[in-house]
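Trainee: just the structure for this:
(2 chains)
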Amino acid sequence: MRSFARLNLKIIFHLLGLLLAVNAGFMFLSALVSFLYKDGVVLQLFYAGIVTLAIGGTAMLVTRNHRKEIQKREGYLIVTFGWICMSLAGTLPYLFSGAIPGFTNAFFETMSGYTTTGASILSDIESIPKGVLFWRSITHWIGGMGIIVLAIAILPLLGIGGMQLFSAEAPGPGGDKLHPRITDTAKRLWVIYVAYTLIETLLLKLAGMSFFDAINHSLSTLSTGGFSTKNASVAYWNNQPIIQYIIIVFMFLAGTNFVLSYFAFKTKFSKILKDDEFKWYCFFILSFTVIATLLIYFKADISASTINHPMIWGRFESALRHGMFQVLTIITTTGFVSADYTLWTPFLVVFFFGLMFLGGSAGSTAGGVKIVRHLLMIKNGILEFKRTLHPNAILPVRYNNKAVEQPIVYNILGFFILYMLSFIMGVLVFSWLGLDFRTALGGAASTLGNVGPALGDLGPVNNYGALPGAAKWWASFLMLIGRLELFTVLILLTPFFWRNR
Amino acid sequence: MKIIIAGAGEVGFHLAKLLSYESQDITLIDTNKESLAYADTHLDIRVVRGDATSISVLKDSKIASTDLIIAVTSSETTNITVCVLAKQLGAKRTVARISNTEFIEKKEEVGFTKFGIDELISPESLAANEIALLLSQSAFNDTYEFENGALTMIGLNLSRTAIFVGKTVKEVGDLYPDLNYVPLAIQRFGTQYTLIPRGDTQFKEGDQVYFTTTEKGVEEIFKLTGKVREEIKNVMILGGSKIGYKTARDLCKHSFRVKLIESDKDKAFEIADDIPSCLVINGDGRNVDLLQEESINEMDAFIAVTGNSETNIMSCLVAKSKGVKKTIALVENMDYFQLSQSIGIDTLINKKLLAANNIFRYVRKGEVVAMTKLNNMNAELLEFIVTNSSKVCDKKIKDIDLPRSAIIGGVVRDNEGLIALGDFKIKNGDRIVICCLPQSIGKVEKLFV
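Mentor: Residues are numbered from 1 along each chain as shown, chains lettered A, B, ... in the order given. Okay, the predicted model is just below:
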C-alpha cells in the first residue's frame, strides 16, 4: 500500500474528471440533436449530461491542487480507467432515455462505442430516438479521437507493443516528427480527423443520404466503429453504390496512419510513398479485394442471404463492391455490413475470419494487431533462417530502411503472443458461457480486434443482444484490452505493477 | 617556399621528410618535446615547441610570410582551428587533416574555403579509396591512374612463371615490338634499394616492378607476367573502423558481396543499419573458428583494417593460409611497412603515409599536376604539363638531358595515353609522367617547368 500512496492519485482523478466533463459536453450536444429532431428525449439526455458534469466537475474541483507529474504508472491507470469511466458515464443517456433498459446491455453498447468496435445489442435500431442514436455514434467518434492521441503520443511514451517505433514522436534522427509537443501533434491530427468527418458527411449527403444518416455514418466511419442508424447497416443503401464507395474510401483513410494524412495535406507525397506500412496496407487491401471479388463472382451466391442485393450496375460491379467493402470493413475493423459474408463459400468465411487478425495501420483508429507488427514479425521470421546460418551476424529487421532495435522486435513478438493468448482465453470463456464453436471463435476475434460483426450467431445480420449477460461483460473486457493494445490494461493485473517502484 | 607543419606525429614527420628533400623552408610545430627533438636531429628543418593554436606560437613561426600551413595533428578540431587562425594571420594556403569524411563530401556546401581552409585531407577516406582501387586491379599490388585511366601505373611482383624473368629490359622490348608499357622502377627482392631500369637492367624473380601502361597494355602485362585477372566478388573486411565502414559502403555500392567483422556490438549494429547489403558479423576477428564459420576460404579478398597493426597482419596471414587470393592489411607502424611483401601479404597500406603523400602532391600542385610516391619505394611519380616556356617543349626525348635516375613513363596527349620512346617529340599541352628518385626531382622540375 505504501507504493499505492506514492501514485499521484490526484492528477489521475483530475484527468478522469476532465474526461467526464468533455463527455458531458457531447451529451448536451446529443440533447440539442434530440431537440432539433423533436424525438422527446431532450430532458433525459440533458439530465445525463448534468449528472456526468456534476461527477466530473466535482472530481476536478476536489483535485485541483495536484502535482503536474505523470509517471508511466499513472499513465497506464489514466488510460485504462479513462476508458472505463467514460463507458460507465456513457450508459446514462441510454438508461435515462430508456432506449436500452438493462445496465449490462447499456454498458456493452457504450464500451462497444468507445472502443470503436461497433458490436451492438440493439435489434431494432430504427426505433431508437435520434438523440440517443447520435449519442451512440458520437461515442465512436470520441473513442477514435482518444485512440489517435493514444497511438501518436501516449503509447509510445509508455513503450507499448513496439509502438514507439511508429509514432510521430519517435525519438532519434529521421523520425517523422510532426511537432515536438504532444498536444500540438494531437491537435493537428484532430483537425484532420474533424475535416475528414465533415467532408464525408457532405459527400454522403450529396450522394443521397439524409443529413442525420450522413453525419452518423461519418462519425462511425472515421473512428472505424461501425454503428449504423439502420437495422440493415450500410446494406440499406445496397441500391446506391455511390454511397458505399464513399464509405469505402473513408474506411481506407481511417485505417491509414493519420500522420500520413497530415503529410498528404502538406503535399509531402514522397514520404507517404516511402512508408513501408502504407505500401503493404495498400497491397493487402488490393490483393484481398481481388481474391474476394473473384470468389464472389464465380463461386458465392450473393443473393442467398436475407440482405437485398440489387445489382444495379451489373453483377461484376456488385461482386467487386461487396468484396472490397467487406475486405475494408474487416481490415480497418470498422464493421459496417453490406453483405453477409458468412453465407459465402467456406473459404471466404475463414478468409474474413483471418482478416480480423490483420488490423489497420498503426496511428490510425483501426484496431487489431496492426499491419506494421505483422510486417516486422514476418521479416524477423525470415531473418531467423539467415541467423541460423550466421549465428554471429548482426541481422536487424528493417522498417522504412532503418534497422529496428531487437528489444522492439521482442516487444512486438510479446504483443502477438499475448494477443493470441487473449484470443484463446476469449474463445474458451465464451464457450464456457455456452456459445457454440463458431460463435465463440468469431466473437473473440471480433471483439478483441474491435471489428464488430463475427461468425455464427454473431454474424453480420445478427447482433450481440442474445448473448448471456456474463458473455456481454466478457466481450466488453475483450474489447477494452484489444483497444488499449493489451499491455495497458493487462499490466494493471500484474502484481509487480502495484509493488515497489 | 615557406611551409609550416603543425603536428609532429607520423604524418607530420613523414611530410616534413618528403618536403625537406626539396630543401624547402620548413617549420614543424608540436607540443611534444621528444618527437620534435627526433625530427630536429633527423631532418633539416626548424622546430618550434608549443601549441599550434596559440597565436604567439604561430607568429613565432613567421606565419605572415608563410606560403602554406599544413595542420596534421591527431585532433580534427585543432587542425581546423589552426588553419582558420593561420589564414587570418596571413598564411597563403592551408591544408587540414580531418577524420570526419562528411566534411569532404559537403566541402562546397559548407564553404570551408570561405573561412580559411583550402584543402581537407582525410587519411581514412584515402585509405578506403586505395583499397577499392587495389581490389579493382587485383593481380597488382599497387596502382595509380593518370587522367582517368589514360595512363595507369601498376606495381606487381614478378613470379617465376613470368616471361620477363631473366631477361633484360632491352630483350623484353625486342620480344614485343608493339610496346604499350614502360618499366619505371624495380626493387630487388629482399632489398630496400630502388633502381630506375635502363636497357641492360635484368628482371629477376621476386622483383617488385612498376610499369606505366596505356589501357591496351594492362592486358599485355597480365599475359607477360603470368598473372591472371582474378574476378573479385566476395570480400571480407575485418574491423568496422572508419576505413572499414567506408570501404564496405563503397564496395557494396559496386555490388561486391561484403562481410564485415566487428567486435563491438553497438558499432556492428550501426553499420548493419547503414549498409543493408553488407553482412555484419559480431565477433573477434582473431578467432580462426569464427573466420572459418563465415567461410573465409570462399573469400576472394581479405581486408584487415582494425586499429591494431599486429592483428591486421596476423589475420591476413591466416587468410592467406586459407587460400584467400588477395590480402590487404592496414598498418600504423612504419617499420612494419618496410617489410611489406617479404612477410607474404599482398599489400600493406598506411593511412598516414597516404595522407602525407596526398598532401605532398597538393603542395606541388601548380608546378606538378599529380604526384605519387611508389608504395614502399624510394621513388616519386610526377606528372607535368608542358608549356611553351618549358625547356623540353618541341624537343625529341633522346635530345633531352634527363638525369640517369629519372625515366619518362608516358605522355597523355588529347586524353590519350602514349608510350613515348626516343623519337617522340614533346609538344605544348602534353602531360608527361616521369618516375624519378628523390635526388633528381629538382633537376627534372627545372627541365619541365
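Trainee: got the phi and psi for the closest residue to chain A within the stretch 101-250 of chain B?
Mentor: At 10.0 Å from chain A, B:G240 is the closest residue in the stretch 101-250 of chain B, using Cβ to the nearest Cβ. To be clear about C-beta, it is placed using only N, CA and C from the backbone, and glycine gets the same treatment. The phi and psi values for B:G240, taken as degrees, to the nearest 10, are phi -100, psi 40.
Trainee: and what of A:T139?
Mentor: phi -60, psi -40.
Trainee: can you give me the buried ones in stretch A:461-479?
Mentor: A:461-465, A:467, A:471-479 (16 or more other Cβ atoms under 10 Å in any protein chain shown).
Trainee: and stretch B:274-285, by the same measure?
Mentor: Per 16+ other Cβ under 10 Å, stretch B:274-285 contains these buried residues: B:I275, B:C278, B:L279, B:V280, B:I281, B:N282, B:G283, B:G285.
Trainee: what about that stretch, near chain A?
Mentor: Yes - Stretch B:274-285 lies within reach of chain A by Cβ under 8 Å from any Cβ of the partner chain, at B:P276, B:L279, B:V280, B:I281, B:N282, B:G283.
Trainee: can you count the residues close to the closest residue to B:K167 other than its chain neighbours?
Mentor: Nearest non-adjacent residue to B:K167, counting by Cβ to Cβ, 6 or more residues apart in numbering or on different chains: B:F203, 6.0 Å away. By the criterion of other Cβ atoms under 10 Å in any protein chain shown, B:F203 has 21 neighbours.
Trainee: the residue of the stretch 101-250 of chain B closest to chain A: neighbouring residues, count only.
Mentor: Around B:G240 there are 26 residues (other Cβ under 10 Å).
Trainee: right, and it touches B:D264 too?
Mentor: Yes - the criterion here is Cβ atoms under 8 Å, and B:G240 meets it with B:D264 at 7.3 Å.
Trainee: what residue in chain B comes nearest to chain A?
Mentor: Closest point on chain B to chain A, by Cβ to the nearest Cβ, is B:D273, at 3.6 Å.
Trainee: interface residues of chain B facing chain A?
Mentor: Close to chain A, as judged by Cβ under 8 Å from any Cβ, chain B has residues B:265, B:268-269, B:271-273, B:276, B:279-283, B:290, B:293-294.
Trainee: can you tell me which of those lies closest to A:G98?
Mentor: Checking the residues of chain B next to chain A against A:G98 by Cβ to Cβ gives B:D273 as the nearest, at 60.6 Å.
Trainee: wait, what's in contact with that closest one?
Mentor: By Cβ atoms under 8 Å, 6 or more residues apart in numbering or on different chains, the contact list for B:D273 reads A:P396, A:K402, A:A403.
Trainee: next secondary structure after whatever helix or strand it lives in?
Mentor: Using DSSP states H and E, B:D273 sits in helix B:265-274. Remark: after helix B:265-274, the chain's next helix or strand is strand B:279-282, criterion DSSP H and E.
Trainee: up against chain B, what does the stretch 351-500 of chain A have?
Mentor: A:H390, A:P391, A:N392, A:A393, A:I394, A:L395, A:P396, A:R398, A:N401, A:K402, A:A403, A:E405.
Trainee: between the residues you listed, which has the most around it?
Mentor: Neighbour max across these (other Cβ under 10 Å) = A:I394, 25 neighbours.
Trainee: check which residues of stretch B:292-302 are buried.
Mentor: B:E294, B:I296, B:M299, B:D300, B:A301, B:F302.
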